[in-house]
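1. no FASTA, just this:
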Ligand SMILES: Nc1nc2c(ncn2[C@@H]2O[C@H](COP(=O)(O)OP(=O)(O)O)[C@@H](O)[C@H]2O)c(=O)[nH]1
Ligand SMILES: [Mg+2]
Ligand SMILES: [Zn+2]
C-alpha cells in the first residue's frame, strides 16, 4: 500500500533509524486547516498533529504538508496522531494567507516537477525560467515539458529558445491531447518517485495529468475546479498513483507558489544545516573540508539526517548559478539602455544639424 505512494528503501531506513517503535509511517495526502488525510499501510485515515509537535513547532514550516512522510500513533477510535515529520527531500513554499511575512509548505518530497508550457501564443520563456527557479529552490529537479506540439509548425524552434533561458535542463515535447511524446516522461516516473506539474492556467496540465493517469480524472478546458469537484474525483486525495509506479502530487496550493529564490529561503528550508553552520570554527566556512566544521561533523555522526548536506549543497549551487545569471542579464539590460539613450542622443543631434 505505502509503496504505491512513494515509500522506498531510503525512507524505510530513515524510519527504522528513528526508533519509532510504537509509531507507523504514513504519507500526507491532503491538508485542510490542520486536518490531515493520511495514507497508511492499513489504508486511508484522518489525522491531526500531537500536542508535542504543535508545542515544539518553531513556525508553520514545522507542520506536516501534502507529500510529507510522518510517524503516526494509530488510535483505535478517532484520528491518527502525527508525532513527527520525517526529513524533507524538497519543499515548495508560499506566503501564508493573510500573513505577509510567514511562509508555509504547500508540498513536500516532490522529486521531479514537469514545468508545462503550451506551444501556442502564450509561450513565455521568462515564465518558464521563474518556475525553474522555484523548482530548484524547492530542492526538486525541473523538467521542461513543451505541450500542444500539434499546434506548432516547428516545435523544435521553441527548444532552442528554452535552452537559452534554462540551459542544461531536460526538455520534452509532447501533445497531451494526442498522447504523443508522453512516453518520454517515463524516465522520471519510476516506482517510488513523486512528480508534480507546474505551469500557467490553460497550458494543459490537467490534460497531461489525465494522459499520465490513463483516465479522465481531471476536468480540462477551463472548467473551474470547484465546479468539477465530485463530478470527476472519487476522492479529494492529492496524491495519485500512476500506472508505472510513481505518484503524482496534485495540490491546489501549487498554484500560489512563491517565485524567485533568495537566501532567506535557504535557511527556512535548512534550519538544521544552518544551525550547525553557526558552530563552525570559521565564519565563512564552506562546509567542504575546513577544520572545525560543525556541519561536516554533524553529517558524519548522523546528527544531520542523511542527504541533507547534499541537498543543501545542491540548492546553494543553483542559487549561485541564478545570481550569476541575473547579473549577466542586468548588465545586458544596462548596456541595451545606454545603447538606446546614445542612439536617441545621436539622432537628436543629427536632427539639429540638419
Ligand atoms: N491542441 C492541443 N490542445 C491541448 C493540448 N493539451 C491541452 N489542450 C487544451 O488546452 C486547454 C487547456 O487544457 P487544460 O488541461 O485544462 O489546462 P490546465 O489549465 O493547465 O489544466 C483545453 O482546451 C485542452 O483541451 C494539446 O496537446 N494540444
Ligand atoms: Mg487544470
Ligand atoms: Zn562548516
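-> Great, that's in hand. Source: prediction; values computed, not measured. Ligands and ions are numbered 1, 2, ... in the order given.

2. Near ligand 3, which residues of the chain are found?
-> 280, 285, 287, 293, 295 (Cβ under 5 Å from the ion). Every residue, glycine included, has its C-beta placed from N, CA and C.

3. For the first one, grab the count of nearby residues.
-> For residue 280, the number of neighbouring residues by other Cβ atoms under 10 Å comes to 19.

4. In the chain, what helix or strand scores lowest on average pLDDT?
-> None of the helices or strands of the chain scores lower by mean pLDDT, DSSP states H and E than helix 225-228, at a mean of 46.

5. For whichever helix or strand comes after that one, give me every contacting residue.
-> Per DSSP states H and E, the first helix or strand lying C-terminal to helix 225-228 is strand 239-241. For strand 239-241, the external contacting residues (Cβ atoms under 8 Å, 6 or more residues apart in numbering) are 4-6, 27, 29, 39, 66-67, 194, 209, 213, 217, 247-250.

6. count of neighbours near the residue lying closest to residue 278 once chain neighbours are set aside?
-> Leaving aside its chain neighbours, residue 278 sits nearest to residue 294 (7.8 Å; criterion: Cβ to Cβ, 6 or more residues apart in numbering). Residue 294 is flanked by 19 other residues according to other Cβ under 10 Å.

7. which residues in this protein form strands?
-> Taking DSSP state E, the strands of the chain run over residues 24-32, 35-40, 43-49, 69-73, 80-85, 91-95, 103-108, 112-118, 141-147, 171-173, 194-198, 239-241, 247-249.

8. Please produce TSV containing the ones you listed, extended by mean neighbour count.
-> Output for those, formatted as TSV (neighbours: other Cβ atoms under 10 Å):
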stretch	mean neighbour count
strand 24-32	21
strand 35-40	21
strand 43-49	17
strand 69-73	22
strand 80-85	20
strand 91-95	21
strand 103-108	24
strand 112-118	25
strand 141-147	24
strand 171-173	19
strand 194-198	23
strand 239-241	20
strand 247-249	24
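
9. Run through who's touching stretch 163-170.
-> Contacts for stretch 163-170 (Cβ under 8 Å, 6+ apart): 125, 126, 128, 129, 132, 142, 143, 144, 171.

10. now the closest residue to the last one other than its chain neighbours, which residues is it bridged with?
-> So that's residue 171. Using Cβ to Cβ, 6+ apart and skipping the chain neighbours, the partner closest in space to residue 171 is residue 144 (4.6 Å). Beta-bridge partners recorded for residue 144 (DSSP bridges): residue 115, residue 171.

11. Residue 144 contacts residue 115, doesn't it?
-> Yes. Counting by Cβ atoms under 8 Å, residue 115 is a contact partner of residue 144 at 5.1 Å.

12. can you list residues touching both of the two?
-> Contacts common to residue 144 and residue 115, judged by Cβ under 8 Å, 6+ apart, are 128, 132.

13. Okay, now the unreliable bits of this structure?
-> 95-102, 165, 222-235, 256, 258-269, 318, 321-354 (pLDDT under 70).

14. What parts of it come near ligand 1?
-> Proximity of the chain to ligand 1 (Cβ under 6 Å from any ligand atom) is limited to residues 147-148, 150-151, 175-177, 199, 201-207, 220-221.

15. buried subset of these?
-> 147, 148, 175, 176, 177, 199, 203, 204, 205, 206, 207, 220 (16 or more other Cβ atoms under 10 Å).

16. I'd like those as a markdown table, with distance to residue 52 appended.
-> Formatted as a markdown table, those follow (distance: Cβ to Cβ, whole Å):
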| residue | distance to residue 52 |
| --- | --- |
| 147 | 46 |
| 148 | 50 |
| 175 | 51 |
| 176 | 45 |
| 177 | 50 |
| 199 | 39 |
| 203 | 43 |
| 204 | 44 |
| 205 | 38 |
| 206 | 40 |
| 207 | 44 |
| 220 | 44 |
